[in-house]
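Enquirer: Return a 3D structure for these sequence lines:
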Amino acid sequence: MIGLAAVVVVVFALSLIAFTSVAIAKPAVAGRFLSAFASSARTHYIEQVFRLLIGSALVVASPAMWQPRIFWFFGWAIVISSTVLLCIPWQLHHRMGDRLLPLLIRYLRLYAAGALALGALLLYGVFATP
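Expert: Residues are numbered from 1 along each chain as shown. You can find the predicted model right below:
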């Protein structure tokens with residue numbers, strides 16, 4: 001089970017790194033991608049299912065990762081925040097996104113740098129010998 005969870009974490013890390021590449025090469029495409037989050041009930045629930053999968057994978061894989069307590073805590077933070085978002089009306093999530101999206105777009109390169117750093121940290125966490 002830990003191996004499967006590690007695969008999910010690696011795929012997520014690589015997707016963060018790929019997002020960084022898109023954000024630098026084609027910022028308009030990255031902006032459209034970000035604006036799709038919570039744009040409907042369907043996208044809201046799909047996003048939360050993926051977040052639950054990623055958070056759960058971090059919790060399960062954390063014992064075999066570098067700095068297991070940090071990744072365990074981070075995984076639980078994702079699981080809890082996703083559960084909260086599942087319990088509130090999706091329109092509330094959408095309104096919050098409407099407020100934050102212009103800020104994200106304005107600082108897209110900084111956001112992308114953060115995504116790159118998180119992706120690299122996740123990969124290091126999976127592949128570093130504990």
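Enquirer: okay, which residue is most central for this protein?
Expert: Of all residues in the chain, the one closest to the mean position by C-alpha atoms, centre = their mean is Arg51, 6.6 Å from it.
Enquirer: Spatially, and excluding backbone neighbours, which residue is closest to that residue.
Expert: Ser82 (4.0 Å; C-beta to C-beta, 6 or more residues apart in numbering). C-betas here are computed from N, CA, C, even on glycine.
Enquirer: And Val22, how far from Leu116?
Expert: Distance of Val22 to Leu116, computed by C-beta to C-beta, to the nearest Å: 12 Å.
Enquirer: between those two, which one's more packed in?
Expert: For Val22 and Leu116, the more surrounded residue by other C-beta atoms under 10 Å is Leu116, and the numbers stand at 17 against 14.
Enquirer: How about the more buried one: what's its closest non-neighbour residue?
Expert: Spatial nearest neighbour of Leu116, chain neighbours left out: Thr20 (4.1 Å); criterion: C-beta to C-beta, 6+ apart.
Enquirer: now Leu122
Expert: Leaving aside its sequence neighbours, Leu122 sits nearest to Ala13 (C-beta to C-beta, 6+ apart; 3.7 Å).
Enquirer: residue contacts, the residue nearest to the centre of the chain?
Expert: Ile78, Val79, Ser81, Ser82, Leu85 (C-beta atoms under 8 Å, 6 or more residues apart in numbering).
Enquirer: Let's see that with 10 Å instead.
Expert: Arg51 makes contact with Phe12, Ile78, Val79, Ser81, Ser82, Thr83, Leu85, Leu86, according to C-beta atoms under 10 Å, 6 or more residues apart in numbering.
Enquirer: Then Ser56?
Expert: Ala5, Val8, Gly75, Trp76, Ile78, Val79, Ser82.
Enquirer: What is the burial count for the third one?
Expert: Spelled out, that is Gly75. Neighbourhood size, Gly75 [other C-beta under 10 Å]: 22.
Enquirer: In the chain, which helix is the longest?
Expert: In the chain, assigned by DSSP state H, the helix with the most residues is helix 2-25.
Enquirer: What residues sit buried inside it?
Expert: With burial defined by 16 or more other C-beta atoms under 10 Å, the residues of helix 2-25 counted as buried are Ala5, Ala6, Val8, Val9, Val10, Phe12, Ala13, Leu16, Ile17, Phe19, Thr20, Ala23.
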